[in-house]
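Q: coords below, sequence missing:
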């Protein structure tokens, strides 16, 4: 069965600090996709990144970077030089069965000025 | 392109009533999935529709149902509402299997 664990319930940082959000997943399939979504207070889930199981190359997009390690079943997300606008709930998700997304519990990120 | 739209945005119902929520996917997307988000259970998959056929279903009772129309718009229905059905219902669309799902703003349902 698929499972996604985000062990950090809540993280508080001061603006300009770097912060890493952890994600550990479980699946028996060799083909799967991992995602990160951001949920601001408005409620809409905003897509951040999609990564397939055959591509372990790390990715950087502006202040965001992702570290995918199959050996440890982890897909961690780092925000560099955090800003107040980064405050939100961040979800890691796994898909290995069509379009059914299995989400982690989410990590609340609070960035203080 | 316009994003995923959901109507209504807010809804208040009483126990025992039924409710229908609507979702219009991104133009060209044929897959629509529904999710329920509650503080206790988090984000849970309800079902997915593709080309008017239910392709996948989560572990929800039969009171939760859905359908998809030929224009890919989807509706979900919850009958005999219970207090525990109070949640944010999110709809997502994608262009195909295992493709990225883009979410709508959600419908906040409160059952009194």
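A: Yep, that arrived. Not measured: the values here are computed from a predicted model.

Q: output the lowest mean pLDDT helix or strand found in the chain.
A: If you meant another chain, say so; for now it's chain A. Lowest on mean pLDDT, DSSP states H and E among the helices and strands of chain A sits strand A:59-61, with a mean of 90.

Q: oops, I was thinking of chain B
A: For chain B, judged by mean pLDDT, DSSP H and E, that is strand B:53-57, with a mean of 94.

Q: buried ones in that strand?
A: Going by neighbour count (16 or more other Cβ atoms under 10 Å in any protein chain shown), the buried part of strand B:53-57 is B:55, B:56. Using the backbone N, CA and C atoms, a C-beta is placed for each residue, glycine as well.

Q: for that strand, the distance to its chain's centre please.
A: On the basis of Cα atoms, centre = their mean, to the nearest Å, strand B:53-57 sits 13 Å off its chain's mean C-alpha point.

Q: just checking: what are the partner strands of it?
A: strand B:42-50 (antiparallel) (DSSP bridges).

Q: backbone dihedrals for residue B:96, please?
A: phi 180, psi -170 (degrees, to the nearest 10).

Q: meant to ask about residue A:86
A: phi -80, psi -10.

Q: what's the burial count for it?
A: Neighbours of residue A:86 under the rule other Cβ atoms under 10 Å in any protein chain shown: 19.

Q: that one and residue A:107 touch, don't they?
A: No. Counting by Cβ atoms under 8 Å, residue A:86 does not reach residue A:107; the two are 11.7 Å apart.

Q: you'd agree residue A:85 is in a helix?
A: Yes. Per DSSP: H, G, I helix; E, B strand; the rest coil, residue A:85 lies within a helix segment.

Q: contacting residues for it?
A: Counting by Cβ atoms under 8 Å, 6 or more residues apart in numbering or on different chains, residue A:85 touches residue A:111.

Q: near chain A, which residues of chain B?
A: Applying Cβ under 8 Å from any Cβ of the partner chain, we find that chain B lies next to chain A at B:31, B:33, B:35, B:42-45, B:48, B:50, B:55-56, B:58, B:88, B:90, B:92, B:94, B:97-106, B:108.

Q: are any of those residues buried, and if so which?
A: B:31, B:33, B:35, B:42-45, B:48, B:50, B:55-56, B:58, B:88, B:90, B:92, B:94, B:98, B:100-106, B:108.

Q: just checking, residue B:31 touches residue A:99?
A: Yes. When contacts are counted by Cβ under 8 Å, residue B:31 is listed as touching residue A:99 (5.5 Å).

Q: go through chain A and flag its longest strand.
A: Identified as the longest strand of chain A according to DSSP state E is strand A:88-97.

Q: for that strand, list every residue counted as buried.
A: So strand A:88-97, judged by 16+ other Cβ under 10 Å, has buried residues A:88, A:89, A:90, A:91, A:92, A:93, A:94, A:95, A:96, A:97.

Q: and the spatially most central residue of chain B, bridged to which residues?
A: By Cα atoms, centre = their mean, chain B has its centre lying nearest to residue B:34, at 3.4 Å. Bridge pairing for residue B:34 (DSSP bridges) gives the partners residue B:47, residue B:91.

Q: what strand or helix carries residue 109?
A: Picking chain A for this. If you go by DSSP states H and E, residue A:109 is part of strand A:107-112.

Q: to clarify, I was referring to chain B.
A: Going by DSSP H and E, residue B:109 is part of strand B:107-111.

Q: one more: residue B:15?
A: Under the assignment here (DSSP H and E), residue B:15 is part of no helix and no strand.
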